[in-house]
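Peer 1: Output the structure for:
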Amino acid sequence: MNTLATNLLVITGEIVKLDDLRYTPAGIPLLSFVVLHVSMQTEADMQRKIELEMPVFAVGALALEAQKLEVSDVVKLTGFLTKRSLKSTQLVMHINKIEIN
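Peer 2: This next block holds a predicted model:
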């Protein structure tokens, strides 16, 4: 395993779906939501419109803090990407920091 590997994602967007707070079997709070990101990015010296929905998970104390969020809030999220589960290939973002804009 490469301990120098970097996995950092910072994204802004609008919350378009917000699930209810739930708890893992170990009793850890978990909140999942979906963020819509729209921007213009430069690729190969050309402008490209980017539009995507990113599934997001907040765990522990951050999940309790994120309960204050509402659909249509614009947020800046910092975290990392991982697979949804061991057998899944779908990527999801787990957040370490959230800022409401």
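Peer 1: Make sure residue 65 is indeed in a helix.
Peer 2: Yes: using DSSP: H, G, I helix; E, B strand; the rest coil, the assignment for residue 65 is a helix.
Peer 1: hang on, it packs against residue 96?
Peer 2: No: contact criterion C-beta atoms under 8 Å: residue 65 and residue 96 do not qualify, at 11.7 Å. (C-beta placed from N, C-alpha, C; glycine too.)
Peer 1: Look up how far residue 39 lies from the residue in the chain sticking out farthest from the centre.
Peer 2: Ranked by distance from the centre of the chain (C-alpha atoms, centre = their mean), the top residue is residue 45, with 28.0 Å. Taking C-beta to C-beta, to the nearest Å as the measure, residue 45 falls 17 Å from residue 39.
Peer 1: Does the residue positioned nearest the centre of the chain lie in a helix or a strand, and which?
Peer 2: The structure's the chain has its C-alpha centroid closest to residue 56; by C-alpha atoms, centre = their mean the separation is 3.2 Å. Take DSSP states H and E as the rule and residue 56 turns out to sit in strand 46-59.
Peer 1: If anything else comes up later, I'll come back, but that's it for now.
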